[in-house]
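**Q** let me see the structure of the following:
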Amino acid sequence: MSTQISTTVHDAVGGAVIEGLALAKGEMPTQPSANQVPMPGFHTGLATMPQHLPRQVFGLAAQLVVPPGTWAVVHLPGGEATIYTPGSYWLWCAPGAILVQWVDARRQQVVIGPIEGWSADKWRFRLWMSVDLAVADPLIIAAHREPIVATIAAARAAVLAYIERYPHAALTGCQDEHGGMDGPAAFVQARLCNDPALAGLEIISVRVLDRQGDERQIEAATAATVAAAQIDEELRVDAARHRARLQELAARATESEREHSLRMSAGAAEARERLLRQQAEVQQATLAAQLEITMAQIKAHVAEIAHDEQSWQKDQARYHLEWERLQQQQAEAHRTEQEVRLLEVQHGLVRTEGELALAAQERQHAQLLALADLQQSLTEQRDLRAQAVAERREQHERALLELRLRHDELVAEQMTRLEQWRVEHRDLTVAQQRQHDRQLAGIAGAARIAAAAAHSSPTIASEGSTVADAGLKLLQDMTE
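**A** Residues are numbered from 1 along each chain as shown. This is a model prediction of the structure:
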């Protein structure tokens, strides 16, 4: 017994000495730690539960392996806490328990929504957001119980505070510097960055994924906008018609004035002509020269009238051209306004298509993930079905083999019975043939006796009839 103990102690001491020499040379031991895992499971979403780190080398050191994308918060004996980046470490410390927590160093995206609240003018409004965050202080996060839940609660409170601060129109659109898609994101990010409950976290960005207002308010605002546009268009058309009417009236007034001037000139000319004729009748001789002067004056007046008429026609043509130019300018202004509105609508459609494309990509990604899970489940089901089919096929083959053996036994039994029946039928057929021959022989004998009796004497005939009756009775018995 003492020899066995000394051998065990000698082997343990020798192994320890070899391990110590390997450590002194800088060589790593080949035996892995019992609690080492490739990637830890984060219990709180960002940190694991405290775990005991086993000691090695006579309890003087412990090996720590930090996977990429994580931090390790090591609590040494005596209360000292140290943070380790990804890598492999040997911890040399005083005796005592060594506790370690792994903290997730990767960036996280937390999707929050829908968040529903009441706007400043008491309309219902919903908002969907995503918060990108990362761990800034592993020591604080390691001591935090629910950092993700706290982030979601703080974001929801900030969104509700933002919703109740602005009216429905500012939340569903953009009024001045408020509202829009960036207003809620900037407000929530500022609130989260200044929230003491999220100490130890770095809020990288906040995005608004989607928003939804009250359909009744949106329909009312749309109807009001359409009605206002229709009223503006009607006012513009009425103004154009009024301007055209004024121009038409001005043209008519000018034409009336010209016509009145012409009529007055024509009346004066006719009066002067009558006067000249009267004077010519009284003083033909003396007023011949005056008549010529008067005719010259009349021609001058006619030329002036023609000149005035040409000027009036030119003014009419100029007014008509100006009116057409004004109509064309108004039509171009109206077309330009319609094009601007069309560009605004196209811009809104492009933005909506971008948002729909982003949502479609996210849905497609989710569908691809679901399809991958479905394919995996289908593969497992297919394997199970193939295994079940193989088992059923094996059972079916065993059943077919048993049925074939049973069929062979039944066939052999039926063949044996058929041979027995053939032998029995052959014997029965021979006995029936013999009986039939005897019956035929009896019938023939009875017939000969009856014939002989018919050709003999009366006495013999009476005996013959008796014999015939006996033969017939024998024949009937044989027939029966």
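
**Q** geometric centre of the chain: which residue is closest?
**A** Nearest to the mean C-alpha position of the chain, by CA atoms, centre = their mean, lies residue 363 at 4.4 Å.

**Q** the longest helix in this protein is where?
**A** Across the chain, the helix with the greatest residue count (assigned by DSSP state H) is helix 288-454.

**Q** can I see the domain layout of the protein?
**A** 2-104, 108-213, 423-479 (automatic domain parsing).

**Q** give the buried residues for stretch 97-105.
**A** Neighbour counts over stretch 97-105 (16 or more other CB atoms under 10 Å) mark 98-105 as buried. (Each C-beta comes from the backbone N, C-alpha and C, glycine too.)

**Q** related to what we said a few turns ago, for the longest helix of the chain, name the packing helices and strands.
**A** Contacts defined by 3 or more CB pairs under 8 Å, 6 or more residues apart in numbering; DSSP states H and E place helix 288-454 against helix 215-282, helix 458-479.

**Q** got the angle between the longest one and helix 288-454?
**A** Between the axes of helix 215-282 and helix 288-454, defined by axes from the mean of the first three to the mean of the last three CA atoms, to 10 degrees, the angle is 140 degrees.

**Q** for helix 215-282, the distance to its chain's centre please.
**A** Relative to the mean C-alpha coordinate of its chain, helix 215-282 is positioned 64 Å out (CA atoms, centre = their mean, to the nearest Å).

**Q** which helices and strands sit right next to it?
**A** Other helices and strands packing on helix 215-282, by 3+ CB pairs under 8 Å, 6+ apart, are helix 168-172, helix 288-454.

**Q** doesn't residue 200 make contact with residue 150?
**A** No: the criterion here is CB atoms under 8 Å, and residue 150 misses it with residue 200 at 10.4 Å.

**Q** quick check: neighbours shared by the two?
**A** residue 144 (CB atoms under 8 Å, 6 or more residues apart in numbering).

**Q** now do residue 104 against residue 369, distance only.
**A** To residue 369, residue 104 is 21 Å away according to CB to CB, to the nearest Å.

**Q** can you map out the strands along the stretch 101-250 of the chain?
**A** Using DSSP state E, counting those that start in this stretch, the strands found in the stretch 101-250 of the chain span residues 108-118, 124-135, 174-175, 178-179, 201-212.

**Q** could I get the ones you listed as TSV with mean neighbour count and mean pLDDT?
**A** Formatted as TSV, those follow (neighbours: other CB atoms under 10 Å; pLDDT from 0 to 100):
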stretch	mean neighbour count	mean pLDDT
strand 108-118	16	85
strand 124-135	19	87
strand 174-175	14	58
strand 178-179	16	57
strand 201-212	18	86
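
**Q** nearest to residue 280, of the ones you listed?
**A** In terms of CB to CB, the element of the strands of the stretch 101-250 of the chain nearest to residue 280 is strand 174-175, at 89.7 Å.

**Q** any idea which helix or strand in the protein has the lowest mean pLDDT?
**A** Counting by mean pLDDT, DSSP states H and E, the chain has its least confident helix or strand at helix 2-24, which shows a mean of 50.

**Q** for residue 56, give me phi and psi.
**A** Per-residue torsions, residue 56: phi -140, psi 180 (degrees, to the nearest 10).

**Q** my guess is it contacts residue 63. True?
**A** Yes: in this structure, residue 56 is within contact of residue 63 by CB under 8 Å, at 6.4 Å.

**Q** and of the buried residues of stretch 97-105, the nearest to residue 127?
**A** If you rank those by distance to residue 127 using CB to CB, residue 104 comes first, at 27.1 Å.

**Q** against residue 141, how distant is the closest residue in space to that closest one that isn't next to it in sequence?
**A** Spatial nearest neighbour of residue 104, excluding adjacent residues (CB to CB, 6 or more residues apart in numbering): residue 46 at 4.8 Å. Counting by CB to CB, the gap from residue 46 to residue 141 is 5 Å.
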